[in-house]
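[1] build me a model from this:
(2 chains)
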Amino acid sequence: MKVTYLNNDGGGFASEIGLDEGTTVSEFFNCQIEGSADNYLIRVNRQAVDSRHVLVDGDRVTITPTKIEGA
Amino acid sequence: MVKLPAYRLANKILENFKPQNETRMLRINHERISELTQELQQLTKLFTRAISKQWLASAVELKKRISYVTDSIEGRAKDIGPDTKEIIAGLRNYPTQLNLIEDLKAVKEEFGNLLYDQEESCMVVFSKDITFDDVNLGSFELRIPINLIGSSTTVVARTPNYPVVDEETTHPHIQNNEMCLGNGRNQFYDAIQQGRVLDAFTTLNSILITYNLNSAYVEIENWNINSEDYTECNDCGDSTHVEETNTCEDCESCYCNHCIHGCDVCDGMKCEYCMNNKCSICKDKRLCKDCTHECQICDAIFCEECMSNSTEEQTCANCQKDLDEGLETEVRPECVGQIMLPTG
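    Numbering: from 1, shown residues only, chains lettered A, B, ... in the order given. Below you'll find the predicted structure:
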């Protein structure tokens, strides 16, 4: 299956990523980001989800840092 | 400010989104090329007829006109070429109406509100109250213009709580209603340029709720200082709490801890101006005026240790040595911090 992934942590452009059926948000996060998921807000199709959420084909996933240091 | 249905707000954004203007120019060029091509076809027919009828004068004029139209088509085609790639690249990130509508609905759900300021053509959401270390800064308006120009975005305090030291700062990272985006800059501008309104608003909010001690316009610990409890250092000008100031024992002015010094001889606390003496021989000693001795012969400055102990006169050891040897004293270079050059 494929999901659209938008990495808001500096990147910003969408990319399609192939995943195995049944991949959870937590598993997806660990493949994409180095760091604790506690520091990020993960949305699937614009809805905040928890780490156990199972992704399905066509989902749009965004990962956004919850705290960003201004200057 | 008013509430608008998501589809109406999305339409307003699409009308003003910059790539729309670029595609309009692309369309205009194509339309003009189409008109010129039709004219070229007519001219070609007339030219062919003129040649067949041996209307040579007409043929010459028609040929000139054909050449002009051909050049125009070629110029228009060249104008389109280099711009097209950029326009197509931009169109890939062009938000669709559906995407915008879904984003705007998600913004409203995330923040609990989404308004449209008709006067300033801005989308507005209200943040939650922001508090850092018991300093309540209140709620803020995150205002993004519908033309999605990031540099026109503002963040406005709804009930400003200014620090005593700066009435233009409403948040450690907001001054004059402009947020300093810091690490969020690329993320915010990418979202804005791609029409991802939800990501743009959440980025602003993530910066709003994060206090970066190392890069604040005003640090939170200085937010609620009582101006009467602070005074300005007479040297560097920094605000210093009155209990932490030091008074120079000579000039009696107030200084911060960085601008007060101890005399290396008497330990008296003196400011930089009143301490501006160093022994000409043992240069590492800083001397206050009271601990400074001036040689009456060479006028150089010395500490007590470097003054001669064999006379009541105020002479340095070097000059005293010359006196003892019966030599005509002269100013020794080392007494005034210089090196004697070899003679001959």
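
[2] tell me who's in contact with residue 58.
    In the absence of a named chain, chain A is used. Shown in contact with residue A:58 (CB atoms under 8 Å, 6 or more residues apart in numbering or on different chains): A:1-4. For the C-beta atoms, the positions are set from N, CA and C on the backbone; glycine is no exception.

[3] that was the other one, I meant chain B.
    Residues in contact with residue B:58 (CB under 8 Å, 6+ apart) are B:46, B:50.

[4] what helix or strand is it on?
    Assigned by DSSP states H and E, residue B:58 falls within helix B:56-92.

[5] buried residues in the helix or strand where residue B:13 lies?
    Per DSSP H and E: residue B:13 is located in helix B:6-16. For helix B:6-16, the neighbour count (16 or more other CB atoms under 10 Å in any protein chain shown) marks B:6, B:9-14 as buried.

[6] please apply the same query to stretch B:288-300.
    By neighbour count, with 16+ other CB under 10 Å as the criterion, the buried positions of stretch B:288-300 are B:288, B:291-293, B:295, B:297-298, B:300.

[7] could you list every residue that touches the most centrally placed residue in chain B?
    Nearest to the geometric centre of chain B sits residue B:180, at 7.7 Å (CA atoms, centre = their mean). Residue B:180 sits next to A:70-71, B:173-174, B:215, B:217 when contact means CB under 8 Å, 6+ apart.

[8] can you report how many residues neighbour the residue nearest to residue B:216 when sequence neighbours are not counted?
    Spatially, and ignoring its direct neighbours in sequence, residue B:216 is nearest to residue B:172 (3.6 Å; CB to CB, 6 or more residues apart in numbering or on different chains). Other residues near residue B:172 come to 24 when the count uses other CB atoms under 10 Å in any protein chain shown.

[9] now residue A:43, what's its secondary structure?
    Three-state assignment for residue A:43 (DSSP: H, G, I helix; E, B strand; the rest coil): strand.

[10] next, count neighbours for it.
    Residue A:43, neighbours per other CB under 10 Å, totals 22.

[11] show me the contacts for it.
    Shown in contact with residue A:43 (CB under 8 Å, 6+ apart): A:49, A:61-64.

[12] quick one: which of those residues is nearest residue A:20?
    Nearest to residue A:20 out of the contacts of residue A:43 is residue A:61 (CB to CB; 14.7 Å).

[13] mind listing what's buried along the strand or helix carrying that closest one?
    Per DSSP H and E: residue A:61 is located in strand A:60-65. By neighbour count, with 16+ other CB under 10 Å as the criterion, the buried positions of strand A:60-65 are A:61-65.

[14] ok, and the closest non-adjacent residue to residue B:240?
    Nearest non-adjacent residue to residue B:240 (CB to CB, 6+ apart): residue B:256, at 4.3 Å.
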